[in-house]
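J.: Turn this into a model:
(chains A and B, ligands or ions: 3)
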Amino acid sequence: MNRVQNTKLILWFLTGFAAAVALNRYVFGLGVTTNLSDRTPWGFWIGFDVMAGVALAAGGFVTTAIFYIMKREECHPMVKPAVLTAFLGYLAVVAGLLVDLGLPWNIWHMIIYWNPHSPLFEVGWCVMLYTTVLLLEFSPVPLEKFSRYARIRDFLMKFRFPLVLLGIMLSTLHQSSLGTLFLIMRYRLYPLWYSHILPVEFFISAVALGLMMVAFESLASHWLYRREPETHLVAKLCRAAAWVLAIYFVAKMTDITVSGKLGLIFDGKWQSNLFIVEVLVSTIIPAALFFVPKYRGNNKVQWIGSSMVVIGMVLNRIDVGGLAMLDSTASYTPSWMEIAISLGVVSAAVLVFLFAIENFHVWDIRPEDPESLPHTLPSFDYSSRTWLGIPSVASLTKHTLAFVLSFALGMALMSGNRLHAEGIDQITVKPATVVDSLCDTLCINGNRDDQFVEFSHEGHISRIGKDSCRVCHHLSLPGDKLSSCWECHTSMYKEVDFFKHDWHTSASGANLRCDDCHTPGVTRTAQSAKKCTACHPAYKFLADEKNATEKYYIPSYVDAMHKLCVSCHTVEAKKVKDKPNLAQCSTCHRIGTPPELKAGMKWDVTLPHFDNVVLPDVGQAGK
Amino acid sequence: MSKAILTDVTKCIGCLKCVSACKQVHNLEMDVPRIWDRNDGLSAENWTSVIRRPGDHYVRKQCRHCLEPACASVCPVGALHKTEIGAVTYDITKCLGCRYCMMACPFGIPRYDWDKTVPHVEKCILCYDRIKTGQQPACTEACPVGATIFGDRDELLEVAHKRIKENPAKYIDKVWGEHEVGGTSVLYLSDIYLDFLTYPTRPGDKPLPKETAAAMESVPFAFVGMGGAMLGLNWIIRRRMKMDKERGNKKESADE
Ligand code: SF4
Ligand code: SF4
Ligand code: SF4
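T.: Ligands and ions are numbered 1, 2, ... in the order given. Prediction:
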């Protein structure tokens, strides 16, 4: 089994899946894709893609500082991969932002509209500049391949030092400013995370995380290509990281103690426990491990320690970025689509990283992916009896397949629209309730939320006259005399199939065949079918009076009620002098708990009989 | 002249006329109910709402139009802007949808068009277009009992204090919005505590943009300082390396 090939296959799969989900997000908006809400406008994407992404890419400025500023020559093998990681990391951050921003096509607005008071403005500019700097820092590596660009390369090499310096200065700013973003949210962020020195904490932890990310990446890529791990070098990084983590821990704890929040840590709330786990994983355990020389020289411990820091610090950024909120009613867990997109962005970045180390001199000795070499040996899949072509073509095929299939899977899982995603297109209307002893006043509240309408029969009849019944009870179910609104308009927000095909064709129902209603030989549409009145003559008044074509889909409950009431109220509002607001929401809608429901009450008063209303009779179903 | 709205909770009858007036003037559509957060009634389609509190108290919620708004100070492109006249307005053409304003507002006012493919931030703009031309906001105009009124901020503050003085038994001796977060252009008089209008941790009287001001002011110093520190470090290390080398050379020559 080929480690590199399998890893790539998984990465392509994740990328393809994320691409489909991202498409979903752009077509239907943020509401369908994310669990973000007005209460929690920032979530996983900001915490992971942006804040953790930027922090993970800190390896770039830390290693260049060690190599170019502090002149530690032995770190040379780490520099190029670290700069490459940083560059790809920032590109991933931008990609994550493009998904998260509501109006991503306006991302460049920061260049022309300035608000220097905003920390985000500063972060945005720094990220833009630093990504450019990283591009310039790294581009000599790929340019090396082309002698054509030798002069550009020489030029860039000459400005190495100032570029590196600028990169460090910019990184200092935006790594810390990501903490500044949250200074204004004292009332939002859980106190254990909120601190006036948040910018400083963010900077220090970014340095530690940068070191550990370089270590982790070196370990992982050497494992992947079956190379001898750079244990000695990684040990040095670990020692540095241990000191930085210690400083971070002391700073954090001092701040918590000084501001008197020490008691909060052990009060047993989930936030407190989260905090304990986070600090243990990100700081205490790895620092303790790496302070012991024997451990930090051990490859296994290096693996454990560096991945702990990476996971712990990412968790820290996610906590600050939206998880550890003070308001317990505002709960947020990322949706699977948010996670899928983030994974896809990371996977794509890793794929580019692998491509770069295979094709350019990022490492001193370029690794080779055995299958990507143009071997002459063809490969044959015995189980499916197919010839897969030469290995490089075979791997290309496999990757494309992985991408396409996962893309298709993502498309298949798309949830379509918000109403559906929230399950509210399936809200079945609940009947209005009678709230007074005379059975006169109705409390209309189809979805039982806290905005209901009180409707008085008497009030309407006395004003508009006896004719008014038929306005609302415009049609009744076959066999019924005065059907209620909810009996036909059964769905709260979705159109209703009023002509029940299923019932009309079922044996226990009307037992009709298609041709009984639809003209044979013509496409079966509503137009080519018999009118309802052909079987239910009593329905006539609807067609006669409104001169309407009969519909098979009728409006949702909400639309039906609004159309009916508001259209009449609008007309009346113009007529009646002292009621200019008759057509406004507040005229009918009340908020709060509906008046006490008199459950079990029945219509037991004798209904008045009006001559001019033709109430539908039992329809002559069948032929 | 800074304009303001004064809402007297004791007078409000909860008729929602302000809500429907606002919806009408700003062409807000019908709201799709959320499965979360029904309790304050604000949404992308409801810029103002009336919260019913126990004991038939009705409290109108809307943007407070802070004198030093957190939302405007954090917006990276300056889409939100505190105008001379008092309104905090929103420029639809600048916004890039980062939703930082929603995170920063201490009253949780700005809402988002989560369902739309081209979403915007939605909040009360103090009917900027109307008050610019000398009209009053739609909501204060619609109020049938004068529970919510519009005027100059200073005058309204006077009115508020006068009402408290005339009727000390009826009101809590506090004008909400006079000092909170550095003062707001939407003031409240009340007989119940209005702390529920904000987050569990009160924002206090200090203007929120001040929280970030110190950090933001130290940005240039951090920038130059880091650069200087790195250059200095580099200089020292190089010098030391040079000296080591020279010493080594000397040693070598001495050895010879
Ligand atoms: S209440 Fe919120 S949205 Fe309104 S001005 Fe103040 S900070 Fe901005
Ligand atoms: S969402 Fe729009 S208005 Fe709000 S801070 Fe971001 S850019 Fe500014
Ligand atoms: S001031 Fe204007 S925008 Fe604000 S709540 Fe009143 S009507 Fe709506």
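J.: Any idea which residue of the stretch 101-250 of chain B lies closest to ligand 1?
T.: residue B:105 (3.2 Å; CB to the nearest ligand atom). Quick note: C-beta positions are derived from backbone N, CA and C, even for glycine.
J.: Contact partners for residue A:367?
T.: For residue A:367, the contact set (CB atoms under 8 Å, 6 or more residues apart in numbering or on different chains) comprises A:225, A:227, A:357-358.
J.: Just confirm the residue of the stretch 101-250 of chain B closest to ligand 1 contacts residue B:72, I think it does.
T.: No - using CB atoms under 8 Å, residue B:105 is not in contact with residue B:72; the gap is 9.9 Å.
J.: Name the member of the contacts of residue A:367 with the most neighbours.
T.: Highest neighbour count within these: residue A:357, with 20 neighbours (other CB atoms under 10 Å in any protein chain shown).
J.: Could you check the pLDDT of that residue?
T.: pLDDT for residue A:357: 86.
J.: So which elements touch the longest helix along chain B?
T.: As assigned by DSSP state H, the longest helix anywhere in chain B is helix B:219-255. When contacts are defined as 3 or more CB pairs under 8 Å, 6 or more residues apart in numbering or on different chains; DSSP states H and E, helix B:219-255 sits against helix A:160-180.
J.: right, and the helix or strand after the helix it packs on?
T.: Using DSSP states H and E, the helix or strand that follows helix A:160-180 in sequence is helix A:198-224.
J.: tell me which residues in that following helix are buried?
T.: A:198-222, A:224 (16 or more other CB atoms under 10 Å in any protein chain shown).
J.: same question, stretch B:141-155
T.: Applying 16+ other CB under 10 Å to stretch B:141-155 flags B:141-143, B:147-151, B:153 as buried.
J.: export those to TSV and tack on secondary structure?
T.: Converted to TSV, the buried residues of stretch B:141-155 look like this (DSSP: H, G, I helix; E, B strand; the rest coil):
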residue	secondary structure
B:141	helix
B:142	helix
B:143	coil
B:147	coil
B:148	strand
B:149	strand
B:150	strand
B:151	strand
B:153	helix
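J.: ok, which of those also contact chain A?
T.: Counting by CB under 8 Å from any CB of the partner chain, residue B:142 from these sit close to chain A.
J.: Looking at the buried residues of stretch B:141-155, which is nearest residue A:521?
T.: Comparing those against residue A:521 with CB to CB picks out residue B:142 as the nearest, at 60.0 Å.
J.: where's the residue nearest to the closest one when sequence neighbours are not counted, which helix or strand?
T.: Nearest non-adjacent residue to residue B:142, counting by CB to CB, 6 or more residues apart in numbering or on different chains: residue B:21, 3.5 Å away. Residue B:21 is part of helix B:17-25, with elements assigned from DSSP H and E.
J.: can you dump the C-alpha coordinates of that helix into PDB?
T.: Taking C-alpha atoms only, helix B:17-25 is exported to PDB below (Å, rounded to 0.1, in the frame of the first residue of the first chain):
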ATOM      1  CA  LYS B  17     -48.200  50.100  15.900                       C
ATOM      2  CA  CYS B  18     -44.600  51.200  15.900                       C
ATOM      3  CA  VAL B  19     -43.600  47.800  14.600                       C
ATOM      4  CA  SER B  20     -46.000  47.800  11.700                       C
ATOM      5  CA  ALA B  21     -45.200  51.400  10.900                       C
ATOM      6  CA  CYS B  22     -41.500  50.600  10.700                       C
ATOM      7  CA  LYS B  23     -42.200  47.500   8.500                       C
ATOM      8  CA  GLN B  24     -44.300  49.600   6.200                       C
ATOM      9  CA  VAL B  25     -41.800  52.500   5.800                       C
END
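J.: do it and ligand 3 meet at all?
T.: Yes - Helix B:17-25 comes into contact with ligand 3 (CB under 6 Å from any ligand atom), by way of B:21-22, B:25.
J.: Export these as JSON lines, with columns for distance to ligand 1.
T.: Formatted as JSON lines, the residues of helix B:17-25 next to ligand 3 follow (distance: CB to the nearest ligand atom, whole Å):
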{"residue": "B:21", "distance to ligand 1": "19"}
{"residue": "B:22", "distance to ligand 1": "15"}
{"residue": "B:25", "distance to ligand 1": "18"}
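J.: residues from chain B in reach of ligand 2?
T.: Proximity of chain B to ligand 2, by CB under 6 Å from any ligand atom, involves residues B:74-77, B:79-80, B:95-101, B:121.
J.: which regions of chain B lie under the pLDDT threshold?
T.: The model of chain B has pLDDT under 70 over residues B:1, B:30-39, B:251-256.
J.: For it, what lies in contact range of ligand 1?
T.: Proximity of chain B to ligand 1 (CB under 6 Å from any ligand atom) is limited to residues B:63-66, B:69-71, B:88, B:105, B:107, B:109-110, B:123.
J.: try 8 Å
T.: Proximity of chain B to ligand 1 (CB under 8 Å from any ligand atom) is limited to residues B:63-66, B:69-72, B:80, B:82, B:88, B:101, B:104-110, B:123-124, B:181, B:184, B:186, B:208.
J.: Which residues does the helix or strand containing residue A:455 contact?
T.: Element membership for residue A:455, per DSSP H and E: strand A:451-456. Strand A:451-456 is contacted from outside by A:432, A:435, A:440-445, A:561, A:588-591, A:594-595, using CB under 8 Å, 6+ apart.
J.: ok, now which ones touch residue A:563?
T.: So residue A:563 contacts residue A:555 (CB under 8 Å, 6+ apart).
J.: should've said residue A:161
T.: Counting by CB under 8 Å, 6+ apart, the residues that residue A:161 touches are residue A:68.
J.: Show me the strands in the stretch 451-600 of chain A, by range?
T.: A:451-456, A:496-497, A:553-554, A:589-591 (DSSP state E, counting those that start in this stretch).
J.: Can you list the strands that the longest one pairs with?
T.: Strands flanking strand A:451-456 in the sheet, each with its direction: strand A:441-444 (antiparallel), strand A:589-591 (antiparallel) (DSSP bridges).
J.: residue boundaries of the strands in the stretch 51-200 of chain B?
T.: Using DSSP E, counting those that start in this stretch, strands in the stretch 51-200 of chain B cover B:57-61, B:80-82, B:88-90, B:111-112, B:121-122, B:148-152, B:186-189.
J.: circling back to that earlier point, neighbours around the residue of the stretch 101-250 of chain B closest to ligand 1, how many?
T.: Residues near residue B:105, counting by other CB under 10 Å: 30.
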